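>>> return atomic coordinates for the entry below.
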Amino acid sequence: MRDMFGDDDSQNKKNDFATMFEASVQGYTQTYGKGDKVTAEVMTLGKDEVFVNISGRDGMVPRAEMLDANGQLKVQVGDQVTLYVVKAQEGLLVLSAKASGKALADDLEDAFDFETPVEGRVTEVVNGGFRVNVMGKLAFCPISQMDSKPITEPESYIDKKFDFMITKFEKGGRNIVVSRRRMLDMEKLENQGTFMDQRQVGEVMNGRVVRLENYGAFVELAPGIDGLVHISEVSWSRLAHPSEALEVGQEISVKILKIEEDATGRLKISLSRKQAEEDPWMTAYKDFAVGSVHTGKIRSKERFGFLMELKPGIVGLLPKSAFREVADEREMEKKNPGETLKVQIQNVNTVEKKISLSFPKDQEDTSWQGFTGSTGGAGSGKGLGTLADQFKNLTVTKKK
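Sure, this is the predicted structure:
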């Protein structure tokens with residue numbers, strides 16, 4: 001048995017040696033051209049070069065090309081790396097980590113065939129689009145394919161790096177067309193699915209204002225996911241335009257009112273900013289106690305009086321009949337929306353969300369407010385004494 005196993009082991013070693021020898025011979029006999037892509041094994045880490053083995057053939061690549069962004073060597077002995085042939089010397093291949101020539105074209109063609117994203121840098125604006133440098137090759141990106149939103153300042157894209165999809169690859173890489181919009185659309189579809197799985201109606205979340213229109217504000221909730229805050233849902237106050245309460249780039253909290261897909265599969269999200277905040281009428285009875293005086297802003301002039309905004313979302317009525325209480329009623333009629341007036345709270349109805357107003361009344365004698373209203377206990381005498389003092393003062397005044 002031992003002899004049998006010993007024979008098998010010896011035979012396996014012979015086979016392994018034969019395989020290694022064949023690979024070594026193949027490596028030396030195989031010819032390589034400039035730009036060929038090869039897979040190499042790291043053998044030695046030198047001071048200025050990294051030495052590798054390609055199927056038994058020795059190769060060398062500059063150490064500087066094997067460093068990461070922090071200047072640290074990113075390979076170790078035994079690692080498998082992809083390199084490109086610069087030139088073939090006798091017994092040694094000079095290699096580079098950077099693709100060029102034929103290998104570069106092959107990589108881009110593979111990216112086109114397998115729909116793999118590639119990174120590109122926008123170099124200039126040209127007629128109808130942009131020139132993009134993709135892995136050392138120049139490509140064209142139509143202006144309609146650079147973004148998913150209308151482009152008003154094409155120059156702002158110059159020198160920026162983006163991921164692109166290659167939509168056309170012809171003539172060995174001499175005619176390449178790319179699209180960033182396809183990348184954005186794919187990302188948007190993925191984000192839509194995630195959004196619908198993770199979010200629900202009634203939820204409050206943060207977003208960023210990306211566009212203002214007459215009818216409302218568009219808020220970005222996630223990359224490629226926007227929702228609309230209708231102008232009526234921007235603030236508890238009535239607005240003529242969303243810009244009165246919001247600005248582009250502002251971070252706000254919004255409540256999701258509705259999530260639905262249209263016939264094309266596009267996600268439509270309705271949002272509310274004001275419903276993400278506390279209704280100011282919830283504390284109106286404390287903030288605007290009957291008899292208290294406040295400064296209000298004329299929101300509108302109606303035939304029956306002025307609608308006065310006391311704070312965002314809180315509007316009271318100063319009736320026209322109250323104008324008779326001021327010295328110059330005609331002057332009051334000349335007041336315009338936006339001007340401010342001192343008003344006094346007459347009545348607060350939080351259920352119907354109504355506040356009645358008047359002009360502040362002059363109070364000749366407010367000393368009655370010193371009466372504590374006590375009817376018993378240790379302080380009762382003091383309370384009655386205060387009230388008695390009022391009657392005493394009144395009697396003295398009459399005698400005079």
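>>> strands of the stretch 101-250 of the chain, residue ranges please.
118-126, 129-134, 137-142, 161-170, 175-179, 204-213, 216-222, 225-230 (DSSP state E, counting those that start in this stretch).
>>> between those, which one is nearest to residue 97?
strand 118-126 (15.8 Å; CB to CB). In this view, the C-beta of every residue, glycine as well, is placed from N, C-alpha and C.
>>> same question for the closest one: list its buried residues.
For strand 118-126, the neighbour count (16 or more other CB atoms under 10 Å) marks 118, 120, 122, 125 as buried.
>>> return the distance of the helix or strand containing residue 330 from the chain's centre.
Element membership of residue 330, judged by DSSP states H and E, is helix 329-333. When C-alpha coordinates are averaged (CA atoms, centre = their mean, to the nearest Å), helix 329-333 and its chain have centres 50 Å apart.
>>> what is the mean pLDDT for it?
Helix 329-333 carries an average pLDDT of 77.
>>> that helix: what's the following helix or strand?
Tracing the chain past helix 329-333, the next element assigned as helix or strand by DSSP H and E is strand 340-349.
>>> just the C-alphas of that next one, formatted as CSV.
These are the backbone C-alpha positions of strand 340-349, laid out as CSV (Å, rounded to 0.1, in the frame of the first residue of the first chain):
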residue,chain,number,x,y,z
THR,A,340,-48.8,97.3,10.7
LEU,A,341,-51.3,98.3,13.4
LYS,A,342,-51.7,97.9,17.1
VAL,A,343,-54.8,95.8,17.9
GLN,A,344,-56.5,94.3,20.9
ILE,A,345,-57.9,90.8,21.2
GLN,A,346,-61.6,90.8,21.8
ASN,A,347,-62.5,87.2,21.3
VAL,A,348,-60.7,83.9,20.4
ASN,A,349,-62.5,80.9,18.9
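>>> report the strands that pair with that strand, each with its relative direction.
Next to strand 340-349 in the sheet, as set by DSSP bridges, lie strand 293-302 (antiparallel), strand 354-358 (antiparallel).
>>> can you show me the CA trace of the shortest one as PDB?
When you say that, I think you mean strand 354-358. What follows is strand 354-358, C-alpha atoms only, in PDB (Å, rounded to 0.1, in the frame of the first residue of the first chain):
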ATOM      1  CA  LYS A 354     -61.400  83.000  14.400                       C
ATOM      2  CA  ILE A 355     -60.100  86.000  16.300                       C
ATOM      3  CA  SER A 356     -62.100  89.300  16.700                       C
ATOM      4  CA  LEU A 357     -60.000  92.500  17.000                       C
ATOM      5  CA  SER A 358     -60.400  96.100  18.000                       C
END
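>>> what residues are bridge-paired with residue 356?
Beta bridges link residue 356 to residue 317, residue 347 when assigned by DSSP bridges.
>>> give the contact list for it.
316-317, 319, 345-347 (CB atoms under 8 Å, 6 or more residues apart in numbering).
>>> if we use 10 Å, what do you get?
290, 316-319, 322, 343-349 (CB atoms under 10 Å, 6 or more residues apart in numbering).
>>> quick one: which of the strands of the stretch 101-250 of the chain is nearest residue 331?
By CB to CB (comparing all of those), the closest turns out to be strand 204-213, at 37.5 Å.
>>> neighbouring strands of the helix or strand hosting residue 93 in the sheet, and parallel or not?
Taking DSSP H and E as the definition, residue 93 sits inside strand 92-96. Strand pairing for strand 92-96, determined by DSSP bridges: strand 57-62 (parallel), strand 80-89 (antiparallel).
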